[in-house]
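Student: missing the sequence, but the structure's below:
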Ligand SMILES: Nc1nc2c(c(=O)[nH]1)N=C([C@H](O)[C@H](O)COP(=O)(O)OP(=O)(O)OP(=O)(O)O)CN2
Ligand SMILES: [Zn+2]
């Protein structure tokens with residue numbers, strides 16, 4: 001098996017509805033993202049997926065979140081914009097392009113806190 005991983009980041013504001021504590025108030029994070037793809041077969045160039053192509057797809061998704069208030073997004077009006085739900089959101093978007101090569105999406109809210117989504 002092969003795995004290919006890229007990282008990227010975005011900055012946004014959020015607040016966690018119904019959270020008992022500071023996170024219920026408006027605040028922001030510089031979110032760090034890691035996307036992992038997996039598969040057994042390489043193409044004729046020896047690539048599972050071209051880093052450039054994966055980075056472009058990830059950037060397109062993160063651009064919809066960067067410098068926004070996450071709670072305003074339709075998706076996060078139904079679920080809280082936690083790291084877990086952000087990871088799931090990004091995974092679902094990428095799955096429509098990379099299908100069964102999707103492995104996981106990890107979202108770091110800070111240097112010491114992360115959440116990962118995989119199926
Ligand atoms: N499982 C999760 N727990 C929490 C999430 C989350 O997304 N998933 N999010 C938050 C809040 O966003 C909060 O902003 C983070 O709080 P905290 O980890 O306490 O971070 P701080 O920087 O404020 O605190 P430090 O003590 O400096 O780490 C909460 N929980
Ligand atoms: Zn937060």
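Tutor: That came through fine. Keep in mind that what you see is a predicted model, and the values were worked out from it rather than measured. Ligands and ions are numbered 1, 2, ... in the order given.
Student: With ligand 1 in mind, check whether the helix or strand hosting residue 90 reaches it.
Tutor: According to DSSP states H and E, residue 90 maps onto helix 83-98. Yes: counting by CB under 6 Å from any ligand atom, ligand 1 has neighbours in helix 83-98: 83-84. C-beta: built from backbone N, CA, C; applies to glycine.
Student: how far out from the middle of the chain is that helix?
Tutor: Offset of helix 83-98 from its chain centre (CA atoms, centre = their mean, to the nearest Å): 6 Å.
Student: List the buried residues in it.
Tutor: Across helix 83-98, burial judged by 16 or more other CB atoms under 10 Å covers 83, 85-91, 93-94, 98.
Student: quick one: contacts of it?
Tutor: 31, 33, 35, 37, 49, 54, 57-58, 61-62, 65, 70, 75-76, 79, 102, 104-109, 113-119 (CB atoms under 8 Å, 6 or more residues apart in numbering).
Student: Quick one: buried ones out of those?
Tutor: 31, 33, 35, 37, 49, 54, 57-58, 61-62, 65, 70, 75-76, 102, 104-109, 114-117.
Student: so can I have TSV of the buried residues of helix 83-98 showing distance to residue 45 and pLDDT?
Tutor: Listed next are the buried residues of helix 83-98 as TSV, based on distance: CB to CB, whole Å; pLDDT from 0 to 100:
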residue	distance to residue 45	pLDDT
83	34	98
85	35	98
86	32	98
87	29	99
88	31	98
89	31	98
90	26	98
91	26	98
93	25	98
94	21	98
98	17	98
